[in-house]
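A.B. asks: Got a predicted model here, sequence first, then my questions.
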Amino acid sequence: MQDTTKANLLAAWRQRRRNLAHGWYKYSRNPLSVLGLVILVLVVFVAIFAPYIAPYPGHAKAYTNFRDASQAPSAQHFFGTDRIGRDIFSRTLFGYRFSLMIGAVVLGLGVAPGVVLGLIAGYRRGTWVEVVIMRVTDVFLAVPPLVLALAITAMLTPNLINQMMAIALVWWPWYSRLVFSLASSLRNEYFVKEAELTGASQRHILFREILPNCFAPIMTKMTLDMGLVILIESTLSFVGLGVQPPKPALGTMVAEGAKRLPAEWWSTIFPALAIVIVILAFNLIGDGLRDVFAVEDV
Amino acid sequence: MPNPSSLLEIRDLHVGFRIFEGHLRVLTGVALVVNEGERVGLVGETGCGKTTTVKSVLRVLPIPPAIVTRGEILYRGRDVLRMHRHALHVLRREELTAIFQDPLQSLNPVFTVGSQLRDIVRDSMRTPEGRALSRREIEARCIQALEETGMPDPERIMSNYPIQLSGGMRQRVCIAEALSTTARLLLADEPTTNLDVTIQDQILRKLDRLVDQKGSSVLMITHSMGVVRDLTQRIYIMYAGSIVETGPTRQLLASPKHPYTQGLMASVPRLTGRGVSEGIPGRIPNYLEPPPGCRFHPRCPHRMPECSVEAPPMFDVGADQRAACYLYRRSPS
Amino acid sequence: MAKYIGLRLLQSVFVLFGLSLLIFFIARVVPGDPARQALGLLASQEQVERVREQMHLNDSFPVQYYYWLRSLLHGDLGVSSYTRRPVASDLAQYIPATLELILFATLISFVVGQVTGVLAGYFRNSWFDGVSRLVSYLGIATPSFVVAILLLFVFSQVLKLAPGIGRIPIMMQPPPVRTGFMMVDGLLAGRLDVTVTALKHLLLPAFSLAVIHIAQEGRITRTSIVETMQKDYITLHKVHGIRTSRILFKYLLRPSIVPTVTVMGLDFAFLMSNAFLVETVYMWPGFSRYAMTAMLNKDLNAIVAVVLVIGMTFALVNLIVDIIIMFLDPTVRLRQGGA
């Protein structure tokens, strides 16, 4: 008895390895997707080790040095310095920390409830449970996410935690809707009916039967969403509703620098480019994933 | 040397597909000829490469992942595979026409039948003097084309969308489209397979008569012996990407020489006589790792050692009939 | 058809109702005293108390909501605590400016997006396709405020090709406000110079808004075109001799356009949000800047009104998009029952 179970597990493990290899093959066909992955790895690396890599880590906190203020990019300051003398390069590196952290937290907070609600609503389609969940989802989706996030953050005190909560609050309905449509079509599949007939609990059906089949679209969406969340976060910071100075958020840096265009172009352009690069990386990866999961017929 | 009276001549065509798992070797040395005024059948089961062959002639294979590794497709002496884009467009417009298997996929779903038919007539026909047709002339030609296919109430059909028509009507529209232009060669890929059995016959007869009227040549692709028996003069039997037997239709069907063809004939259920037949044991080969030599040999009741070494060439087996099987080695062609 | 529209409108009303509840709830739950906010720090406690009575702030939540809803249905959106004017008249003043911007941006993004998408899809893997894919990747990855700043920087400040901020130059006398659309008002007042200048000033901000949508829609169009090109019927169109230009812009475009239009509907939401940023950068006196100011100043009445207006617009646009799709794709229409 034990041997067959072990054999089954081994076979499943091998199959999973093979799927992974197949997936990587397909993914690596597209040089852009690989580029995205490379960029992301660099960004993550830089973000994690920012305190050690940044030439002037102290500049990410309260620091003023008017003597070195407003200097153009040079060997000492790769991206130049800002109005009060802080090294923009170091601050950009720390800015990445905030962006990635916010992205991870928001998705962590927002995706899970959205997925669970979508599963329940999709599986119980046609009952009052579905109606309630989906109407609430509709209400949250009635307004563009940026506007809602702005409105909510504006009404609370602008700081990091509130910003994250606001964006997470705005984010869950998208997953709810996605998983709802997936689940409501999947619930008629044979394996679900089988599970029902053999008396599986609802929790088993939802999480062990239906959810694994939604994995691909959810993963793809999450990757693309990371880029979007960072975009919204930088927008909120730009407007002044995000992380408050002196903490370095990329959007805030762009806003501060924008006032001094065109003369001190470096204080805006570099943080702006940094934002674009990280969002681009997530988009490329997301697209690559989408291609991997796409069904091809030869 | 291209045969002077041949319309279409495919020579030694090798087509493959590159996918993750490797290289799918689909077509291996397909050779066939259609002469002026002939009706030729290409018979084989699903997956044997018939549609790939047709798509190669029309040059609509998706080029990656498909790849033509060898061969020529000569239309009146010119190699279709190496033509320039413009020449290809002219060829498609003026010489070739086609009917595909699924009539729903063959018609653009967001336009009316009339819209599509009118544009076909408008862009491909000219009066004998060479000027473009007037609106009235175009309309008349469209109605005429639909009438010829036996459509009741063609005016109403013109303003319908494909989704509003039944399968049989849709296929009639496709036929009308195909035959409303000047074309010397019609490539018909399983034109009645998706239709109800009751109207298959009707449509085929209509097609037959129309082709007759036009004097076109036909390459009819099908998996049905019945279709081929009634409508073609010569047939090619295809298995796993190459031609295994060819000859005049009646003759070949009466006395098939290749073991595969014999198996096919034996599989056709008969209404009289012994009951349900057995079919051919085994399955079509995996194109990734095809069997060496003759691709049929694993399923062949007459296989010999040399069959797994190298694929047999065509040998003469009767008047104008040839089969690719070492059983007939005594008389090479 | 009419039944379908009616049903959709009813649905929207419910959703907006829920939305108003949500926003109202958040607005009232938030710490801070709206009355104090309105009166300022110097007002006395009694004055604040009196205003609190007026604003029903001491009543229970459902009561407050009832009063608010009642005034809403009378067209009274409350008074902005920032501008001290009725919110409704603020909106009337600022909305046309934003509409001008959004409509123009939509036009640009549609035309440019479709053309590049069709060409990129048809000439798949050509240099044009490669370049446009690269550009669209960048376009999607760039937040609108970055685009706005960059374009302003490059075209206005460095190259000095386009005018900078604002709808018309500061020195110019604006025409009398009839429609609120600067170009139209200029025409109505017989002042073509206004119309022309307004158009020039509209270009950069509209284009900044449009960039991300050109990128997005161009890509969807391209993918859609590539998919459609695999279909049998396109092959047959070619075989039957239909002209290439006709195949491109009639038979290929129409079946492919449905996903694009769907995306345009969803994108409109982003268009409205990005208008916020573009207006800020270009100092455009529009609805979005008003909304932004309201949010930054905790002007609750204005915030609620703004969110509702946006919600309504969004619902309306989605409905229009769905109707357009029904026209473009007869299969959808026929399935809906009754054409």
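C.D. replies: Right, received. Where do you want to start?
A.B. asks: low-scoring stretches of the stretch 1-150 of chain A, by residue?
C.D. replies: Confidence mapping of the stretch 1-150 of chain A against pLDDT under 70 gives the ranges A:1-3.
A.B. asks: Next to chain C, which bits of it? Give me the list.
C.D. replies: The stretch 1-150 of chain A comes close to chain C at residues A:32, A:135-136, A:138-140, A:142-148, A:150, as judged by CB under 8 Å from any CB of the partner chain. Glycine gets a C-beta too; all of them are placed from N, C-alpha and C.
A.B. asks: let's see 10 Å
C.D. replies: Proximity of the stretch 1-150 of chain A to chain C, by CB under 10 Å from any CB of the partner chain, involves residues A:32, A:36, A:135-136, A:138-150.
A.B. asks: For PyMOL, what selects the buried ones among those residues?
C.D. replies: Applying 16 or more other CB atoms under 10 Å in any protein chain shown to the residues of the stretch 1-150 of chain A next to chain C, the buried members can be selected in PyMOL as follows:
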select buried, chain A and resi 32+36+136+138+139+140+141+142+143+144+145+146+147+148+149+150
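A.B. asks: Check which residues of the lengthiest helix in chain A are buried.
C.D. replies: Longest helix in chain A, counting residues (DSSP state H): helix A:88-123. For helix A:88-123, the neighbour count (16+ other CB under 10 Å) marks A:88-100, A:102-103, A:105-107, A:109-111, A:113-123 as buried.
A.B. asks: what does stretch C:58-66 give?
C.D. replies: Neighbour-count burial for stretch C:58-66, counted by 16+ other CB under 10 Å, picks out C:64-65.
A.B. asks: and it, C-alpha only, in PDB?
C.D. replies: Taking Å, rounded to 0.1, in the frame of the first residue of the first chain, the C-alpha atoms of stretch C:58-66 are listed here in PDB:
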ATOM      1  CA  ASN C  58     -25.500  65.000  15.400                       C
ATOM      2  CA  ASP C  59     -28.200  62.800  14.100                       C
ATOM      3  CA  SER C  60     -27.900  59.000  13.500                       C
ATOM      4  CA  PHE C  61     -26.400  57.700  10.300                       C
ATOM      5  CA  PRO C  62     -29.600  56.700   8.500                       C
ATOM      6  CA  VAL C  63     -31.100  60.100   9.200                       C
ATOM      7  CA  GLN C  64     -28.100  61.900   7.900                       C
ATOM      8  CA  TYR C  65     -28.300  59.800   4.800                       C
ATOM      9  CA  TYR C  66     -31.900  60.500   4.300                       C
END
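A.B. asks: tell me what whatever helix or strand C:Ile102 lives in is packed against?
C.D. replies: Per DSSP states H and E, C:Ile102 falls inside helix C:87-122. For helix C:87-122, the packing partners by 3 or more CB pairs under 10 Å, 6 or more residues apart in numbering or on different chains; DSSP states H and E come out as helix C:127-141, helix C:182-188, helix C:192-229, helix C:253-282, helix C:287-296, helix C:300-328.
A.B. asks: Reformat the ones you listed as TSV; add mean pLDDT, mean neighbour count and distance to A:Ile279.
C.D. replies: As requested, those are exported to TSV (pLDDT from 0 to 100; neighbours: other CB atoms under 10 Å in any protein chain shown; distance: least, CB to CB, whole Å):
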stretch	mean pLDDT	mean neighbour count	distance to A:Ile279
helix C:127-141	84	17	4
helix C:182-188	68	19	34
helix C:192-229	82	21	11
helix C:253-282	80	22	14
helix C:287-296	78	23	22
helix C:300-328	80	20	24
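A.B. asks: Nearest residue to A:Phe207 in space, please, no chain neighbours.
C.D. replies: Leaving aside its chain neighbours, A:Phe207 sits nearest to A:Leu119 (7.6 Å; criterion: CB to CB, 6 or more residues apart in numbering or on different chains).
A.B. asks: Surely the one you found touches A:Asn213?
C.D. replies: No - between A:Leu119 and A:Asn213 there is no contact under CB atoms under 10 Å: 11.0 Å.
A.B. asks: Now do the shared contacts for those two.
C.D. replies: Common neighbours of A:Leu119 and A:Asn213, counting by CB atoms under 10 Å, 6 or more residues apart in numbering or on different chains, are A:182-183, A:186.
A.B. asks: Most neighbours of all those, which one?
C.D. replies: Counting neighbours by other CB atoms under 10 Å in any protein chain shown, A:Ala183 leads the shared contacts of A:Leu119 and A:Asn213 with 25 neighbours.
A.B. asks: by contact count, what packs against the helix or strand harbouring B:Gly168?
C.D. replies: Per DSSP H and E: B:Gly168 is located in helix B:167-179. Counting contacts by 3+ CB pairs under 10 Å, 6+ apart, helix B:167-179 is packed against strand B:96-99, helix B:103-106, helix B:113-124, helix B:135-148, helix B:154-158, strand B:185-189, helix B:197-214, helix C:232-239.
A.B. asks: Show the subsequent helix or strand relative to the longest one.
C.D. replies: For helix B:197-214, the succeeding helix or strand toward the C-terminus, using DSSP H and E, is strand B:217-222.
A.B. asks: and that following strand with helix B:197-214, angle?
C.D. replies: 160 degrees (axes from the mean of the first three to the mean of the last three CA atoms, to 10 degrees).
A.B. asks: Name every strand pairing with strand B:217-222 and say which way it goes.
C.D. replies: strand B:39-43 (parallel), strand B:185-189 (parallel) (DSSP bridges).
A.B. asks: Which one of the ones you listed lies nearest to B:Thr261?
C.D. replies: Among the strands paired with strand B:217-222, strand B:39-43 comes nearest to B:Thr261, with 8.7 Å by CB to CB.
A.B. asks: Quick one: distance of the closest one to the chain centre.
C.D. replies: Chain-centre distance of strand B:39-43: 7 Å, with CA atoms, centre = their mean, to the nearest Å.
A.B. asks: same check, this time on stretch C:126-141
C.D. replies: Put simply, stretch C:126-141 sits 24 Å off its chain's centre (CA atoms, centre = their mean).
A.B. asks: So is that stretch next to chain B?
C.D. replies: No - remark: stretch C:126-141 sits outside contact range of chain B, by CB under 10 Å from any CB, the gap being at least 12.8 Å.
A.B. asks: So which residues on the stretch 51-200 of chain C come close to chain A?
C.D. replies: Within the stretch 51-200 of chain C, the positions lying close to chain A (CB under 10 Å from any CB) are C:133-134, C:137-150, C:152-154, C:156-158.
A.B. asks: mind running it again at 8 Å?
C.D. replies: Selection of the stretch 51-200 of chain C residues close to chain A by CB under 8 Å from any CB yields C:137-138, C:140-146, C:149-150, C:152-153, C:157-158.
A.B. asks: now the angle from the helix holding B:Gly168 to helix C:232-239?
C.D. replies: Using the same axes, to 10 degrees: helix B:167-179 against helix C:232-239 is 20 degrees.
A.B. asks: Need the contact partners of helix B:167-179.
C.D. replies: B:97-100, B:103-104, B:106-107, B:113, B:116-117, B:120, B:142, B:145-146, B:148-151, B:157, B:162, B:165, B:186, B:191-192, B:194-196, B:199, B:202-203, B:206-207, B:210-211, B:214, B:216, C:236, C:240 (CB atoms under 8 Å, 6 or more residues apart in numbering or on different chains).
A.B. asks: Apply the buried test to these and list what passes.
C.D. replies: B:97-100, B:103-104, B:106-107, B:113, B:116-117, B:120, B:142, B:145-146, B:148-151, B:157, B:162, B:165, B:186, B:191-192, B:194-195, B:199, B:203, B:206-207, B:210-211, B:214, B:216, C:236, C:240.
A.B. asks: give me every residue that touches C:Ala141.
C.D. replies: For C:Ala141, the contact set (CB under 8 Å, 6+ apart) comprises A:227, A:276-277, A:279-280, A:283.
A.B. asks: just A:Val111 next, same as before
C.D. replies: A:171-172, A:175, A:218, A:222.
A.B. asks: Repeat the analysis, applying 6 Å as the threshold.
C.D. replies: A:Tyr175 (CB atoms under 6 Å, 6 or more residues apart in numbering or on different chains).
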